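1. Fold the following and give me the result.
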Amino acid sequence: MILGRAGHRCEVCKASPDPSAKVWLEAHERWTFDPAQRVQRLGRLICLCTPCHTVTHYGLAGLRGREREAFAHLVAVTGMTEAQARKHVDDAFQLWRERSRLTWSLDLSMLTNAGITPAQPPAAGQRATIADDTLTAVRTPPRLPRER
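-> Have a look, this model is predicted:
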């Protein structure tokens, strides 16, 4: 459904999939946040190519050693200067830090109203620990022997 609605192209840069370049079309979730009620609501699923999806998850790209690639794609697609793009990234991280201070309830009614029964997500109090454990695993590179 998501691919068809997007015309089998990335909704940001209009790229088509290119398996030889390891560029796929991927579903990405768009959320709305109600800080007063502490509700994070799934609002839409969009179609992104692998590079645009990497930019969207910029922090994870950095943990995976792909920050330069993500930054270059952000600049190329948006037309921002490097300074504007850096400010955009810094602002996004600041918003993420602010939101991460709260425990959110998930509203997945967009899926359930469409007849989809998602797997039960972890309880709100468990999500921070799961995220920390997952990110620690991603950012802990294998130990290499030291040069002498």
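2. Identify the single longest helix in the protein, thanks.
-> helix 82-100 (DSSP state H).
3. Direction included, what does the following helix or strand past that helix pair up with?
-> For helix 82-100, the succeeding helix or strand toward the C-terminus, using DSSP states H and E, is strand 105-107. Paired neighbours of strand 105-107 in the sheet (DSSP bridges): strand 39-49 (parallel).
4. pLDDT of the helix or strand just after the strand it pairs with, averaged?
-> Downstream of strand 39-49, the next assigned helix or strand under DSSP H and E is helix 50-56. Averaged over helix 50-56, pLDDT sits at 98.
5. which residues are in contact with helix 50-56?
-> Outside helix 50-56, the residues that touch it by C-beta atoms under 8 Å, 6 or more residues apart in numbering are 10, 12-13, 15, 22-24, 26, 28, 48, 61, 66, 69-70, 73-74, 77. For glycine as for every other residue, the C-beta is placed from the backbone atoms N, C-alpha and C.
6. quick revisit: quick one: buried residues of the longest helix of the chain?
-> Ala85, Val89 (16 or more other C-beta atoms under 10 Å).
7. distance between the ends of stretch 51-62?
-> 13 Å (C-alpha to C-alpha, to the nearest Å).
8. I should have written stretch 55-70 there, sorry.
-> 5 Å.
9. Give me the distance from stretch 60-68 to the chain's centre.
-> Once both centres are worked out by C-alpha atoms, centre = their mean, to the nearest Å, stretch 60-68 turns out to sit 12 Å from its chain's centre.
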